[in-house]
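[1] Structural data only, the sequence is not supplied:
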């Protein structure tokens, strides 16, 4: 347990010693605020148009139901945040294993009498914690809109959980890509490509049968994320993201074991 | 960590009774068509400083990686205190300290923090870790740079940090690969004195291509050339010929070609 605690402390020290962590947190905060305020501006603009038009303004009840904070600001912002995560998360995950392999510190870890599984678990734990922190930073503005827009706390929690799980899903893909190469650039590029393809399989529907398309849809990140943003939490969606993390961790663990055969 | 099988434990005890710390029999390691080590037989006793010599690419590092469990042999066996590093890597690694030729360090961490991390990784308790770190800082003259990030240190200091992490948990077996590489003459002398002081207390596997270092420190040595052992025996005899460097070129001397490598 001491060794595992030491690993956690090291992973966190190495992560926060790098400017990448701060750069990613700052970029996410800025991008989230830009996306949020842009949607808020559009919402205000629509309100202004209705209020000042000859339809009768606010009092006339002519403003359609769908123009509200939840549907005009919150949902689109959440949708875009899901996509937005595809860029910063690979920047965090790319170095986790690839850099260790490139600098040779991986050999030091693998000869220090600690089980490779502990190394994998520690790296996943710290990366997932960082992604959760990233979500907290990016969730501040949408949450304020929800409070104003009258969305319940339960719904808010569901959406936050969805964002965190989505972030962990992308991070899992990133960690697996990082373990399979010693180049951080290749790790980041592969993560973006794989996560983008897995995000939504709509691109493949013209090549496959309708039945396959339904299955592919169910395998996509977006399918499971979308239900969270509607406030629906199901075991199926949680299990999907848990399986994704487990499968990628198994890939990472296997790749570490295979290095003893072919380094 | 899987517990060693009962038969392996018996073998471990038997090995200790025979005084064998590292034993390789018919050890081969291939990378595709390339044979990095071929049919290596070697036996290193507890408390012995053993020199493993050879030019770059001779197979020294491959042997180290097989001994630490980082690589699996293609054929043959290697045992550390009777345990197979391939089957019980953690049990073997708990007994050894490894100082690689190129320091493998986290450049973002401060020296003290890095050594604390290694102590934690080795399972030392908080008080033992503090004691070990303090002692290592003094022993390797790192007090002045203890608070500095490793990335800001000179090559010599990095080498000292690497040595300190290898010694930190006081291992029974030390594997040092070119330990004085990058050090100035004074530091080289200090490291050699340190290793010489451990002779008899710890088993030291010294990989080097510095003949003077091998002569000064090791009682016995083996010379590898392209993965094949070309000499084995007391260092004074193996390196005592007129042209010991010819061994590095794969031309065995009479001793080198005939030596059976009897322990001291």
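    Looks like it came in fine. Computed from a predicted structure; not experimentally measured. Numbering: from 1, shown residues only, chains lettered A, B, ... in the order given.
[2] From now on I want contacts and neighbour counts done on CA atoms only, so please keep to that.
    Noted.
[3] Get me the contact residues on the stretch 51-200 of chain B for chain A.
    Taking Cα under 8 Å from any Cα of the partner chain as the criterion, the stretch 51-200 of chain B approaches chain A at residues B:68-72, B:89-94, B:98, B:104-106, B:108-109, B:117-118, B:120-125.
[4] For chain A, just list every one of the helices.
    A:2-17, A:19-52, A:75-84, A:88-103, A:105-110, A:116-149, A:153-179, A:184-199, A:210-219, A:221-229, A:235-258 (DSSP state H).
[5] Could you give the number of residues near residue A:259?
    Residue A:259 has 12 neighbouring residues, counting by other Cα atoms under 10 Å in any protein chain shown.
[6] any idea which residue sits dead centre in chain B?
    Residue closest to the mean C-alpha point of chain B, counted by Cα atoms, centre = their mean, is residue B:175 at 1.6 Å.
[7] Is that one within a helix or a strand, and which one?
    Using DSSP states H and E, residue B:175 falls within strand B:173-177.
[8] what distance separates the start and the end of stretch B:118-125?
    12 Å (Cα to Cα, to the nearest Å).
[9] Could I get the helices of chain A in CSV, plus columns for mean pLDDT, mean neighbour count and distance to chain B?
    Shown next, in CSV, are these (pLDDT from 0 to 100; neighbours: other Cα atoms under 10 Å in any protein chain shown; distance: least, Cα to the nearest Cα, whole Å):
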stretch, mean pLDDT, mean neighbour count, distance to chain B
helix A:2-17, 92, 18, 4
helix A:19-52, 87, 16, 11
helix A:75-84, 81, 19, 29
helix A:88-103, 93, 23, 7
helix A:105-110, 91, 18, 5
helix A:116-149, 86, 18, 10
helix A:153-179, 91, 24, 16
helix A:184-199, 94, 20, 16
helix A:210-219, 86, 14, 36
helix A:221-229, 87, 22, 35
helix A:235-258, 95, 17, 9
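[10] out of those, which comes closest to residue B:83?
    Residue B:83 lies closest to helix A:105-110 among the helices of chain A, at 17.3 Å (Cα to Cα).
[11] hmm, back to that, could you dump the helices of chain A to TSV with distance to residue B:196?
    TSV is the format used below for the helices of chain A (distance: least, Cα to Cα, whole Å):
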stretch	distance to residue B:196
helix A:2-17	31
helix A:19-52	43
helix A:75-84	59
helix A:88-103	30
helix A:105-110	24
helix A:116-149	34
helix A:153-179	40
helix A:184-199	42
helix A:210-219	62
helix A:221-229	60
helix A:235-258	36
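[12] For residue B:110, which non-adjacent residue is spatially closest?
    Ranked by Cα to Cα, 6 or more residues apart in numbering or on different chains and with sequence neighbours excluded, the top spatial neighbour of residue B:110 is residue B:149, at 3.9 Å.
[13] With residue A:182 instead?
    Residue A:182 sits nearest to residue A:98 (Cα to Cα, 6+ apart), 4.2 Å away.
[14] Assess the claim that that neighbour and residue A:179 are in contact.
    Yes: in this structure, residue A:98 is within contact of residue A:179 by Cα atoms under 8 Å, at 5.8 Å.
[15] Can you name the residues that contact residue 169?
    In the absence of a named chain, chain A is used. Contacts for residue A:169 (Cα atoms under 8 Å, 6 or more residues apart in numbering or on different chains) come out as A:221, A:241, A:244, A:245.
[16] right idea, wrong chain: chain B
    Applying Cα under 8 Å, 6+ apart to residue B:169 gives the contacts B:97, B:119, B:122, B:124, B:132.
[17] Residue A:185 too?
    Neighbouring residues of residue A:185 by Cα under 8 Å, 6+ apart: residue A:94.
[18] Would you mind checking which of the contacts of residue B:169 is nearest to chain A?
    Of all these, the one sitting nearest chain A is residue B:122; the distance, using Cα to the nearest Cα, is 6.4 Å.
[19] how near is that closest one to residue B:75?
    Here the criterion is Cα to Cα. By it, residue B:122 lies 30 Å from residue B:75.
[20] ok, the two, which is more surrounded?
    Higher neighbour count among residue B:122 and residue B:75: residue B:122, with 20 against 15, using other Cα under 10 Å.
[21] So which residue is dead centre in chain A?
    In chain A, the C-alpha nearest the mean C-alpha coordinate belongs to residue A:167, at 1.9 Å (Cα atoms, centre = their mean).
[22] still on that earlier bit, list the ones among the residues of the stretch 51-200 of chain B next to chain A that fall in helices.
    Mapping those onto helices (DSSP H) picks out B:68, B:89, B:90, B:91, B:92, B:93, B:117, B:118, B:120, B:121.
[23] Most neighbours out of the residues you listed, which is it?
    Result: residue B:68 is most packed of those (other Cα under 10 Å), 29 neighbours.
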